[in-house]
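Chemist: Pasting a predicted model and its sequence here:
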Amino acid sequence: MVERYYVVIRYLVDDIDLGLVAGRCVNILHGVLLSKKNQYSGIGVSFPKWSNSSLGNEIAFVSYDRHALDYLIQQPYFEMMMNEKIFLISNVNTVPKELPEVSFRRNQNIAKCFTGEKRRRLQRAKRRAEERGEIFEPVKVHQSREVELFHSVFMNSKKSGQKFLLHIQRYPSPDIFIETYNSYGFSTNQSHQGTVPDLSSLT
C-alpha cells in the first residue's frame, strides 16, 4: 500500500475564531491547487480536534505526495503565522496504517436551509425568468429539514471578492478513496468521495 503523509497546524491563540482561521488555511490550499504554476493535487483537509461544539484548534492536510505538503506549508501566509507565534506547524509525517478513515464533507444542501440563501435563490430564479420573458411566479414549498451536526468554514473568494461559507460534516468511512477531493480539500455529496485518516489520536 502506498504511504500517505500529513502535516498538522495548531492554532496557538486561545480566543481565535476557529471558522475564520480554518477558512484562511483552506483558502491558501484552494489557491495552490488552482494555480497554473502548481504541479500538485490530491490534498485533503482534516480537523483532528473536531467536536460537537467546534472545528477544533487544529487543521491538517493529507496527501500521498510528501512534496505537495512541503510546498503547501511554505506558502507565505503559513510562514508569517508561524513567525508571529500564532501557528505551530508540525513536520510532514507518515500516516500510521492502522488509523481509521473519516470523511470531511462539504454539504451544499445545508445552505438551502438559511433565509439569506433562499432569498438569493429566488432572486436568481426571478432574473432567469425575466431573461426568458416569462412571468416569475414563485411557489411556496414548506419543507422541514433535519440537518446533522455541521461546522462552518468562512471563505473569501479572491476572484469575486464575495464571502461565503463551507458547511462541513464529519462521517466515519470504511474505505480509502485516493485523491478525490474538491478544490477545497473536502469530499462532497456527489463526485468527490475522498477520505482522510482520523488523526485525533496523534495530536
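Modeler: That came through fine.
Chemist: how close does residue 70 get to residue 92?
Modeler: Separation of residue 70 from residue 92 (C-beta to C-beta, to the nearest Å): 6 Å. Every residue, glycine included, has its C-beta placed from N, CA and C.
Chemist: The two: which is more packed in?
Modeler: A direct count of neighbours by other C-beta atoms under 10 Å for residue 70 and residue 92 places residue 92 higher, at 18 against 15.
Chemist: From what I see, the more buried one and residue 7 are in contact.
Modeler: Yes: with contacts counted by C-beta atoms under 8 Å, residue 92 reaches residue 7, the gap being 4.9 Å.
Chemist: Please enumerate the shared neighbours of those two.
Modeler: Listed as contacting both residue 92 and residue 7 by C-beta atoms under 8 Å, 6 or more residues apart in numbering are 69, 73.
Chemist: Tell me how many other residues surround residue 181.
Modeler: 27.
Chemist: ok, now which ones touch it?
Modeler: Residue 181 makes contact with 42, 43, 44, 45, 187, 192, 194, according to C-beta under 8 Å, 6+ apart.
Chemist: just curious, which of the residues you listed is nearest to residue 32?
Modeler: residue 43 (7.9 Å; C-beta to C-beta).
Chemist: pLDDT value on that closest one, please?
Modeler: Per-residue confidence (pLDDT) for residue 43: 96.
Chemist: and it, how many neighbours?
Modeler: Each residue near residue 43 was counted by other C-beta under 10 Å, and the total is 25.
Chemist: quick one: it and residue 68 touch, right?
Modeler: Yes: if you go by C-beta under 8 Å, residue 43 and residue 68 touch, sitting 5.7 Å apart.
Chemist: quick one, phi psi at residue 79?
Modeler: phi -70, psi -40 (degrees, to the nearest 10).
Chemist: Then residue 33?
Modeler: Phi and psi for residue 33, reported as degrees, to the nearest 10, are phi -70, psi -30.
Chemist: Leaving out sequence neighbours, find the closest residue to it.
Modeler: Nearest residue to residue 33, sequence neighbours excluded (C-beta to C-beta, 6 or more residues apart in numbering): residue 183, at 5.1 Å.
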